[in-house]
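Test case, fold it:
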Amino acid sequence: MTHIKVIIPAYNEADSITHVINNIPTEVNEVIVVSNNSTDNTEANAKQAGATVLTETNKGYGYACLKGMDYIAKASKKPDIVVFLDGDYSDYPEELTKIVAPIINDNLDFVIGARVKALREAGSMTKPQVFGNWLATTLMRLFFGAKFTDLGPFRAIKYNKLLALNMEDKTYGWTVEMQLKALKQKLSYTEIPVNYRNRIGVSKVSGTIKGAIFAGVKILGWIFKYSIKK
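Have a look, this model is predicted:
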């Protein structure tokens, strides 16, 4: 039976984290919530909902994901698949089943949950987010022949392939780094259309001008770094 672990980076997601955990399919073996310096009840609520809770005091999406990976690396039972999922309830956790299906059924390495327009709730992605996704995926197509249409955070990857990527970005560039390295290492991949709704609470990235700018710079930086390496 396929062993699946979920990593959820979370910063002050006390109002949403219980919903996220409760809607994750039961075939998942462990849910790991990484509290990224939260100051609210995120950790207590996640524990009560049955998750393994870790604390990462260095602020940054990548820092939180790397903390979760470090925990998995030290565990006696390693997963076959690792799923990354946000803690704000904008994704539909119950769709995890269809995110992992191409890996389990078709032996693909990597799956992105694509937030297609037809399945997005109005206002769930800001204009800078939509533009940034379009620009990043267009550049990846031009430079690398990629077929990605989104940098969606809801994603699944074989654990051994994840380790081989040697992930390093600590902040906003985590998702695009993973996709660029997957292309470089010629991983087999696909996208699965997923539903997307307005998050609970305020976005820490797209909800602020500073966050949107830093995310954009990070994403473009990774793309141009890899285009130069070609």
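
on contacts alone, who are the packing partners of the helix or strand hosting Ala101?
If you go by DSSP states H and E, Ala101 is part of helix 96-106. When contacts are defined as 3 or more C-beta pairs under 8 Å, 6 or more residues apart in numbering; DSSP states H and E, helix 96-106 sits against strand 81-84, strand 110-114, strand 155-158, strand 189-193. C-beta here means a position set from N, CA and C on the backbone, and glycine is covered the same way.

Pipe these into TSV and attach distance to Lys47 and mean neighbour count per row.
As requested, the helices and strands packed on helix 96-106 are exported to TSV (distance: least, C-beta to C-beta, whole Å; neighbours: other C-beta atoms under 10 Å):
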stretch	distance to Lys47	mean neighbour count
strand 81-84	20	24
strand 110-114	26	24
strand 155-158	24	24
strand 189-193	30	19
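
Distance to Glu56 and mean pLDDT added to those strands, as TSV?
TSV is the format used below for the helices and strands packed on helix 96-106 (distance: least, C-beta to C-beta, whole Å; pLDDT from 0 to 100):
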stretch	distance to Glu56	mean pLDDT
strand 81-84	14	98
strand 110-114	23	98
strand 155-158	19	98
strand 189-193	27	98
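
and these as CSV, adding distance to Ile200?
As requested, those are exported to CSV (distance: least, C-beta to C-beta, whole Å):
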stretch, distance to Ile200
strand 81-84, 18
strand 110-114, 18
strand 155-158, 21
strand 189-193, 22
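
so which of those strands comes closest to Glu95?
Of all these, strand 110-114 sits nearest to Glu95, with 6.9 Å by C-beta to C-beta.

could you dump that closest one to PDB, C-alpha only?
Presented in PDB, the C-alpha positions along strand 110-114 are these (Å, rounded to 0.1, in the frame of the first residue of the first chain):
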ATOM      1  CA  PHE A 110       5.500  14.700 -10.000                       C
ATOM      2  CA  VAL A 111       2.000  16.200 -10.100                       C
ATOM      3  CA  ILE A 112       0.900  19.800  -9.900                       C
ATOM      4  CA  GLY A 113      -2.600  20.800  -8.900                       C
ATOM      5  CA  ALA A 114      -3.400  23.500 -11.500                       C
END
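
any idea of the angle it forms with strand 189-193?
Relative orientation of strand 110-114 and strand 189-193, computed by axes from the mean of the first three to the mean of the last three C-alpha atoms, to 10 degrees: 30 degrees.

Please identify the pairing partners of strand 110-114 and their relative orientation?
Its sheet considered, strand 110-114 pairs with strand 155-158 (antiparallel), strand 189-193 (parallel) by DSSP bridges.

nearest to Pro9, of those?
Short answer: strand 155-158, nearest of the strands paired with strand 110-114 by C-beta to C-beta, at 12.5 Å.

how about the helix holding Ala101: buried residues?
Leu96, Ile99, Val100, Pro102, Ile103, Ile104 (16 or more other C-beta atoms under 10 Å).

Identify the farthest-apart pair in those.
Across those (C-beta to C-beta), the longest gap, 12.5 Å, separates Leu96 and Pro102.

shared neighbours, these two?
Common contacts of Leu96 and Pro102 (C-beta atoms under 8 Å, 6 or more residues apart in numbering): none found.

mind checking which of the helices and strands packed on helix 96-106 is nearest His3?
Minimum separation from His3 across these (C-beta to C-beta) falls at strand 81-84, 7.4 Å.

In stretch 35-51, which residues are buried?
Using 16+ other C-beta under 10 Å as the test for burial, stretch 35-51 gives Ser35, Asn36, Ser38, Asp40, Asn41, Thr42, Glu43, Asn45, Ala46, Ala49, Ala51.
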